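[1] Pasting the sequence and the predicted model now:
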Amino acid sequence: MATATTKLQGRRALVTAGAQGIGLAITRALMAAGCHVFVHYRSSREAAEAVCAEAASHDVRAACCAGDLTEAPECVRVVNEAVRFLDGLDVLINNAGSMVARRPFGEADDEYWAEVMSLNLGSVRRVTRAAVPHLVAAAASRGGASIVNLSSLAGRNGGGPGALAYSTAKGAVLTFTRGLAVDLGPKGVRVNAVTPGLILGSSFHATHTPVENQKRIIGGIPLGRAGTTEDVARAVLYLASEYDGFITGATLDVNGGVYFG
């Protein structure tokens, strides 16, 4: 039976926000599995160039570019640059997103709400829309293609205080995933999602979840620890590698057992 590593050998992947935190772990996991990777970043140029430099040690190719995924033309440009470098596209990892800030519902004005929605849901839609023709072409010629969307435990359980806009957007990513799986299934493209819980080692919880809250959350996790970025990357790698498999429209929870979907 083929492993995730052998299945991804020679495949071509685009990872949005692939130079930091969970995205960085995903990029590294894909390269270690033999996948050629194109890394999108917003502002972390040095980190993106550094991880791309690691590609040679895995005997794969990697390149990167900056882009503001809240702008449709930028999404098209990033996808086009990825396809040009990779000579096609087999795997899309939609990882870009951020809570922006915690705000109570009464303080979440239209401008803030629109920003959170555009970054967490709109970016997924825009990048995917630009990538679909290339993924469909790969599915027809190379036996399947795969999209993995990064959602969040907040999209499952509503999130913590001040996370309403973020949790709504991440919940919508799950609905988008299921609907797109129906649309693209006949074309050989599978679409799945991953919902990380408390994942330490990235800037997200370091920024938005105080240490005392982290300790409280860990106390309620059945496995007794927080997750790591590598925990999430392994789940993404599995779903990405099953480009010709029978899993689509699914959500894989990576949270240590605090939520059973």
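    In hand now; what should we look at?
[2] State the next helix or strand along the chain beyond the worst-scoring helix or strand of the chain on mean pLDDT.
    For the chain, scoring each helix and strand by mean pLDDT, DSSP states H and E identifies helix 203-208 as the least confident one, at a mean of 62. Sequence-wise, the next helix or strand downstream of helix 203-208 (DSSP states H and E) is helix 211-219.
[3] Work out the gap between the helix or strand following that following helix and the centre of the chain.
    Toward the C-terminal end, the helix or strand that comes next after helix 211-219 (DSSP H and E) is strand 227-228. Offset of strand 227-228 from its chain centre (C-alpha atoms, centre = their mean, to the nearest Å): 15 Å.
[4] Sheet partners, orientation included, of strand 227-228?
    strand 199-200 (parallel) (DSSP bridges).
[5] Need the contact partners of the strand it pairs with.
    Here strand 199-200 makes contact (C-beta atoms under 8 Å, 6 or more residues apart in numbering) with Ile22, His205, Ala206, Gln214, Ala226, Gly227, Thr228, Thr229, Asp231, Val232, Val254. For glycine as for every other residue, the C-beta is placed from the backbone atoms N, C-alpha and C.
[6] ranking these by neighbours, who comes first?
    When neighbours are counted by other C-beta atoms under 10 Å, Ile22 leads those with 30 neighbours.
[7] That one is in contact with Leu150, isn't it?
    Yes - with contact defined as C-beta atoms under 8 Å, Ile22 reaches Leu150; the gap is 6.8 Å.
[8] three-state assignment of Ser146?
    strand (DSSP: H, G, I helix; E, B strand; the rest coil).
[9] now it: how far from Tyr41?
    Counting by C-beta to C-beta, to the nearest Å, the gap from Ser146 to Tyr41 is 22 Å.
[10] neighbour-wise, which of the two wins?
    Ser146 (29 against 25).
[11] If I look at that one, what pLDDT would I see?
    Looking at Ser146, its pLDDT reads 98.
[12] list the residues that contact both of Ile22 and Leu150?
    The contact lists of Ile22 and Leu150 share Asn95, Pro196, Val232, where a contact means C-beta under 8 Å, 6+ apart.
[13] would you turn the contacts of strand 199-200 into CSV with distance to Val132?
    Converted to CSV, those look like this (distance: C-beta to C-beta, whole Å):
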residue, distance to Val132
Ile22, 23
His205, 32
Ala206, 34
Gln214, 38
Ala226, 35
Gly227, 30
Thr228, 32
Thr229, 28
Asp231, 29
Val232, 24
Val254, 26
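[14] Now for Ile221: which residues touch it?
    Gly197, Leu198, Asn255, Gly256, Gly257, Val258.
[15] next one: Asp244
    Asp244 touches Gly143, Gly144, counting by C-beta under 8 Å, 6+ apart.
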